[in-house]
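Student: sharing a model prediction with you, sequence too.
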Amino acid sequence: MPLPTDRGRLRVYLGAAPGVGKTYAMLDEGHRRLERGTDVVVGYVETHRRPRTEGVVAGLEVVPRRSVDYRGTTQEEMDLDAVLERAPDVVLVDELAHTNVPGSTHEKRWQDVEALRDAGIEVITTVNIQHLESLNDVTEAITAVRQRETVPDHVVRSADQIELVDMSPQSLRRRMAHGNIYTADKIDAALSRYFREGNLTALRELALLWLADRVDEGLERYRDQHQIDATWATRERIVVPVSGGPESFTLMRRASRIATRRSGGEWQALYVTRRDGLTGIAPDTLTRLAAKADELGGTFHTVVGDDPADAILAFARAENATQVVIGASRRGRVSTLVRPGVGERVVAGSGDIDIHIVTHDYARGRTAGRRPEVHNVGPRRRLAGLAFGLLVPATLSLLLYLTPDLHGLPVEAMSLMVVVVATALIGGLAPAVVSALASALLLNYLFTPPLYTLTIAEPENVVTIAIFVTVGIAVASVVDNAARRTAQAGAARAEADALTVLAHSLLTSSQDLEGLLSSACRLLNAHGAAVLRREETGAEVVVASCGTAPTSVERADMSAVIDDRSTLVLAGGTLPASERGLLNAYAAYAKVMEERRRATLADVERLRLAELDRTRTALLAAVSHDLRNPLAAVKAAVASLRSTEVTWSADDEAELLETIEESTDRLSSLVANLLDMSRISTGSLSVLLSEVDLADATRASIAPLACGERIEVDVPPEIQVWADAGLLDRVLANICENALKYTPESARVRVDATVVADRVVVRIADTGPGVRDHDQARLFAPFQRLGDVPQKDGVGLGLAVAHGFTEAMGGTITSEETPGGGLTFVLELATPPDQVPVDREAAP
């Protein structure tokens, strides 16, 4: 046995859901240790009456449990003192997140486990992923079940070994269907609720990701212990160095997009500050960078270093990064050649780390927000024009030089002018200027006296060459301007096409506001967009958004007013005044959509009023028909009994009195339902929740019902619910009465109940004709009489009242098909806040 001063080790078998085999794996490990000669005992194991689990317990020493009296029942818990006195090498303790019965040494079982470890005893235990405290909200969102029994993450994270007991959702559901997890009466409810395939898949992924993080922590510890600096690309880790300049946000957005392309990818923003502290950025800028990194799903770090490139690479290797995203240099090409920048040095020293160089609006000295220059001609045409402007003047000059007797200086100058004009048509302004200068030099050198020198003897020749150059450049400018106008016309046409598409969408589609903002981002090349509404308090509220949207007008790069209180804002670049038409068009479209929204709300209100009017009409029909019939029956029976013209036998009198009693009962039930429905509709229902014995409440509810003896009640006596006793009585009575009406007289109605986690599930099943699938949505609506309801009986309020009362008590009521035919109502209510769950392993 280890020394008492040595803290015991902890091994955890982690599962995604009940039934995957955690307990079996724990017991199997106990047998393996026992065969090796280790002193192993079972401190506590919950077999859930599963034969295979009970079989594997055999052969292991089991420490007797401690019995605890609680609320008139006897509960069994692990006897911590007995285990400590036994002092084994290893103890097996099931269900780490279990809550002990009040009066135990500790409130939680994980505290018992910590006490065992403090005593130097190694513990092997089990837990489900949904019981981890940090994942409680996540699992509740997935399963719609709030786990009341949780264990702090640090307890499980401190385990020396965590082993995932994995099983595919399909296999687990098969195990459930075969009865290997729960008893037969719980299988249908479990498969249709907690053990749905989607739930199990999500829980399995959650368990795998959580364990992957723990494995990652272990890997980092190993690398630190063995001083391993090389990158091990076990998952994508991206480092994005930021300088604090405006391009930093662009780089972080790009890193976030890269990280999200692979599941499990993560990214970190890094700012390097100099050791001497002489240069740096303002603290508020650092705060904004950290906030943006958190918003985009990354983390923000600062390190100190004299050489930013070395600091970036050291951080990347320390974090086992696989990629570095760095911005293109702001410096010019010449200065980069003279002294390489941070990006060039990072690339040179990166080794096995991939480097992404990301361009931005400030690279190579570009102005923020300036759109790339639209060239009048393409690069190929400019190159062709330059070649033409140099080669053709040389060739033409050679031909003219060989035929001096056929022409003079004016012909030679005009011939070269034609070449300059042709060059402008081919390549634009720059090649034409080069051609004009080259032609002027050739004209001076070959044809202007004195020949073969650049000296000009006659003043008029100077004027001729000057005019030649001036005209050539002027013609090239005209051609270039014409090309620019053509490009502008093309851009205007593209904008007009976009406005046409926008107008068509406005007239023919019902696109939501988020879709409109996404379209604006794509067309205007923005990172995010939002519609902001200014409240009366002056605060700006985001109505709708997409991408990385600004949260205020001040933070937006582009904005357009929608109406007096709303503004369309976009992030990413700016628009010149000539192109704001598109932005204003989107703002106008958003205004129209807002008007549509208001019109839709008005339609909804109109439909609500129409529904109220229909309800009033149905109520009048109920009063005029369903009240009149029993009143007429009572009046006729009373009149018959009072008549002196007829002598009634004792049997006849009894029959008339029975008619009076039945009619008054119908009147009483109808009036009660109408009053209850009125209380539900007006929100004046008063609910007083308390602990209610479900079995007693069920029997009390069905006792007054006609044919109540046909109801078979199978509710364990220990089940308590958190409900209003009076409302629960009405709910059970209405549902059971409905079931009796439509169940054949030879058949029975079954009521059973089970505890599932912190909820009590009551099932009331009949074998009547049932309800068609498309009618189930209307089953609990007021004044509904569906295909299985006789028209002569009631006004269709019983189930509506039951539904309203159940929701008022914090429960739910649904319906499903009874196997073999019929309808089953499923009523879910909460257990009392301090009740210890009957099932020790939390389930659906």
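Tutor: Good, I have the coordinates. Given the structure is predicted, the values throughout are model-derived calculations rather than measurements.

Student: quick check: bridge partners of Glu77?
Tutor: Note on Glu77: beta-bridge partners by DSSP bridges are Arg66.

Student: that one touches Val63, doesn't it?
Tutor: No - assessed by C-beta atoms under 8 Å, Glu77 is found out of contact with Val63, at 11.5 Å. (Each C-beta comes from the backbone N, C-alpha and C, glycine too.)

Student: just the element for Ile465, please.
Tutor: Using DSSP states H and E, Ile465 maps to helix 459-508.

Student: quick one: neighbours of Val63, just the number.
Tutor: Look at Val63: counted by other C-beta atoms under 10 Å, it has 19 neighbours.

Student: just to revisit the earlier point, following element in sequence after the helix holding Ile465, please.
Tutor: helix 513-524.

Student: quick check, distance from that next one to the centre of its chain.
Tutor: When distances are taken as C-alpha atoms, centre = their mean, to the nearest Å, helix 513-524 is centred 21 Å away from the chain's centroid.

Student: buried set for it?
Tutor: Neighbour-count burial for helix 513-524, with 16 or more other C-beta atoms under 10 Å as criterion, is recorded at 513, 516-521, 523-524.

Student: likewise stretch 104-118?
Tutor: 104, 108-117.

Student: what about Val40, distance to Asp89?
Tutor: 7 Å (C-beta to C-beta, to the nearest Å).

Student: revised request: answer the last question for Val462.
Tutor: From Val462 to Asp89 the distance is 110 Å (C-beta to C-beta).

Student: more neighbours: the two, which one.
Tutor: Asp89 (16 against 13).

Student: pretty sure that one sits against Thr38.
Tutor: Yes - in this structure Asp89 lies within contact range of Thr38 using C-beta under 8 Å: 5.0 Å.

Student: average pLDDT for the helix or strand containing Leu656?
Tutor: Of the helices and strands defined by DSSP H and E, Leu656 is found in helix 650-682. For helix 650-682, the mean per-residue pLDDT is 74.

Student: closest one to Ala654 out of the buried residues of helix 513-524, please.
Tutor: Leu513 (71.0 Å; C-beta to C-beta).

Student: distance of the closest residue in space to the closest one that isn't next to it in sequence relative to Leu517?
Tutor: With sequence-adjacent residues excluded and distances taken as C-beta to C-beta, 6 or more residues apart in numbering, Leu513 is closest to Ala544, at 4.1 Å. When distance is defined by C-beta to C-beta, Ala544 is 6 Å away from Leu517.

Student: joint contacts of the two?
Tutor: Common neighbours of Ala544 and Leu517 (criterion: C-beta atoms under 8 Å, 6 or more residues apart in numbering): 530-531.

Student: you'd agree Thr818 is up against Pro769?
Tutor: No - using C-beta under 8 Å, Thr818 is not in contact with Pro769; the gap is 10.8 Å.

Student: which one of these two has more residues nearby?
Tutor: Thr818 (19 against 16).

Student: dump the residue contacts of the more buried one.
Tutor: If you count contacts by C-beta under 8 Å, 6+ apart, Thr818 has them with 765-767, 770, 824.

Student: same deal with Leu386?
Tutor: 427, 430-431, 434.

Student: distance to Asn128 added to those, as a markdown table?
Tutor: Shown next, in a markdown table, are the contacts of Leu386 (distance: C-beta to C-beta, whole Å):
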| residue | distance to Asn128 |
| --- | --- |
| Gly427 | 73 |
| Ala430 | 72 |
| Pro431 | 75 |
| Val434 | 78 |
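
Student: export those as CSV, with columns for distance to Val411 and neighbour count.
Tutor: Output for those, formatted as CSV (distance: C-beta to C-beta, whole Å; neighbours: other C-beta atoms under 10 Å):
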residue, distance to Val411, neighbour count
Gly427, 25, 29
Ala430, 28, 17
Pro431, 24, 25
Val434, 23, 18
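
Student: can I get stretch 38-50 in CSV, CA atoms only?
Tutor: Output of stretch 38-50 as CSV, limited to C-alpha atoms (Å, rounded to 0.1, in the frame of the first residue of the first chain):
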residue,chain,number,x,y,z
THR,A,38,-3.1,-5.6,-6.7
ASP,A,39,-5.4,-5.2,-3.7
VAL,A,40,-8.7,-4.0,-5.4
VAL,A,41,-12.1,-3.5,-3.8
VAL,A,42,-15.4,-2.1,-5.1
GLY,A,43,-16.4,1.0,-3.1
TYR,A,44,-19.6,1.6,-5.0
VAL,A,45,-20.9,0.3,-8.3
GLU,A,46,-24.4,0.8,-9.8
THR,A,47,-25.3,-2.1,-12.0
HIS,A,48,-28.8,-0.8,-12.9
ARG,A,49,-29.8,-4.5,-12.8
ARG,A,50,-27.9,-5.2,-16.1
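
Student: mind listing residues that contact that stretch?
Tutor: When contacts are defined by C-beta under 8 Å, 6+ apart, stretch 38-50 is touched by residues 1, 23, 26-27, 30, 33-34, 53-54, 57, 60-63, 65, 77-78, 83, 86, 88-95, 109, 116, 180-183, 840-841.

Student: now it: buried residues?
Tutor: Applying 16+ other C-beta under 10 Å to stretch 38-50 flags 40-48, 50 as buried.

Student: what is the nearest of the residues you listed to Val713?
Tutor: Out of the buried residues of stretch 38-50, the member with the shortest distance to Val713 (by C-beta to C-beta) is His48, at 25.0 Å.

Student: quick one, what contacts Ala590?
Tutor: Ala590 touches 513, 516, 531, 562, 566, 568, counting by C-beta under 8 Å, 6+ apart.

Student: what's the farthest-apart pair in those?
Tutor: Using C-beta to C-beta, the two most remote members of the contacts of Ala590 are Leu516 and Ser566, lying 12.9 Å apart.
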